[in-house]
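Peer 1: next input, structure requested:
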Amino acid sequence: MSDVTSFREVRRPHAADDVFEQLAAAILRGELAPGDGLPPERVLGERFGVSRVIARQAVHRLAEIGLVRVRQGGATLVLDPKHAHDLRVIELFYRLGPHTRRDVRDINEKQLLQGHALIQLAAERATQAEREHIAAIAEAYVEAGATEAALVPFERRFWTAIAEAGKNRIYVFETSWWFRMLEDQPRAHHETFGPPAARGLFLRELTRRLVANEDAPGFYLQIVTPVLASLSGPRRKK
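Peer 2: Predicted coordinates:
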């Protein structure tokens, strides 16, 4: 059985949510490894300070998204999160926050490469009016001083406009989801482009190229490629 001494008692009205999130976090971070058995519901209830029914609800929610397997009459086994097929696992990964350097790397790589896809589609499909609107968003942020407080609201407007100009509904949905999720988990916001002023100048130049049809996707990759290399760390010698 896995040790659960690091878990804390829950005291909020939606106790099953708290139990679920603590167990999910332990699984996603590897603190509960694949093949480990969860303690019985009675023991979980005692450890979290909740009823056995609440503990059961949390465990069955984990089973619904593929993080554990509940066996009738046997121990509930932790499954490998890599093999989970439920998109809610991805949201949990983001929302529970990066815990290791690899978590930070994975989140940053995903967002940076998705940014290129968004820029590529906007470059192919945006009208001139849409391009100029996006450029005006970037210019207004820089002219207002490119402050830290205004960064996330600015990037929400900027990337939402980019996604809508690309006219791919899945990217529009995902961009909206990403910024909604950041409201709950701001730590997921990457800082790979440096301070807000540097981000503002980068995006302003990007949109200038987008308006002028000067290979904005290529410029984005030119800036992002060394950042991606730094996230992966030094290359191993052959």
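
Peer 1: what is the helix or strand of the chain at the bottom of the mean pLDDT ranking packed up against?
Peer 2: The helix or strand of the chain with the lowest confidence, counting by mean pLDDT, DSSP states H and E, is helix 88-95 at a mean of 88. Applying 3 or more C-beta pairs under 8 Å, 6 or more residues apart in numbering; DSSP states H and E, one finds that helix 88-95 contacts helix 15-28, helix 169-184. All C-beta atoms are positioned from the backbone trio N, CA, C, and that covers glycine.

Peer 1: list the buried residues of the next helix or strand after the last one.
Peer 2: For helix 169-184, the succeeding helix or strand toward the C-terminus, using DSSP states H and E, is helix 196-212. Neighbour-count burial for helix 196-212, with 16 or more other C-beta atoms under 10 Å as criterion, is recorded at 196, 199-204, 206-211.

Peer 1: tell me where the model's unsure across this structure.
Peer 2: 1-13, 97, 186-193, 233-238 (pLDDT under 70).

Peer 1: the biggest helix by length in it vs helix 15-28, what angle?
Peer 2: The residue-count maximum for a helix in the chain (DSSP state H) belongs to helix 101-125. If you take axes from the mean of the first three to the mean of the last three C-alpha atoms, to 10 degrees, helix 101-125 sits at 100 degrees to helix 15-28.

Peer 1: please identify the most buried of the helices and strands packed on helix 88-95.
Peer 2: helix 15-28 (a mean of 21; mean count of other C-beta atoms under 10 Å).

Peer 1: starting at the chain centroid, how far to it?
Peer 2: Helix 15-28 sits 17 Å away from the centroid of its parent chain (C-alpha atoms, centre = their mean, to the nearest Å).

Peer 1: and the most centrally placed residue in the chain, how close does it get to residue 47?
Peer 2: Taking C-alpha atoms, centre = their mean, the centroid of the chain lies closest to residue 94, which sits 3.6 Å from it. Taking C-beta to C-beta, to the nearest Å as the measure, residue 94 falls 26 Å from residue 47.

Peer 1: equivalent analysis for residue 150, please.
Peer 2: 43 Å.

Peer 1: the two: which has the busier surroundings?
Peer 2: residue 47 (18 against 15; other C-beta atoms under 10 Å).

Peer 1: between whichever strand or helix holds residue 154 and helix 101-125, how many degrees?
Peer 2: Assigned by DSSP H and E, residue 154 falls within helix 151-166. Calculated by the same axes, to 10 degrees, helix 151-166 forms an angle of 40 degrees with helix 101-125.

Peer 1: number of nearby residues for the residue nearest to residue 88 when sequence neighbours are not counted?
Peer 2: Take residue 88 and drop its neighbours on the chain: the residue closest to it by C-beta to C-beta, 6 or more residues apart in numbering is residue 65, 5.0 Å away. For residue 65, the neighbour count with other C-beta under 10 Å is 19.

Peer 1: got the contact list for residue 65?
Peer 2: Taking C-beta atoms under 8 Å, 6 or more residues apart in numbering, we find residue 65 in contact with 84, 86, 88-89, 92.

Peer 1: need these in a markdown table (columns: distance to residue 101).
Peer 2: Shown next, in a markdown table, are the contacts of residue 65 (distance: C-beta to C-beta, whole Å):
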| residue | distance to residue 101 |
| --- | --- |
| 84 | 22 |
| 86 | 26 |
| 88 | 25 |
| 89 | 20 |
| 92 | 19 |
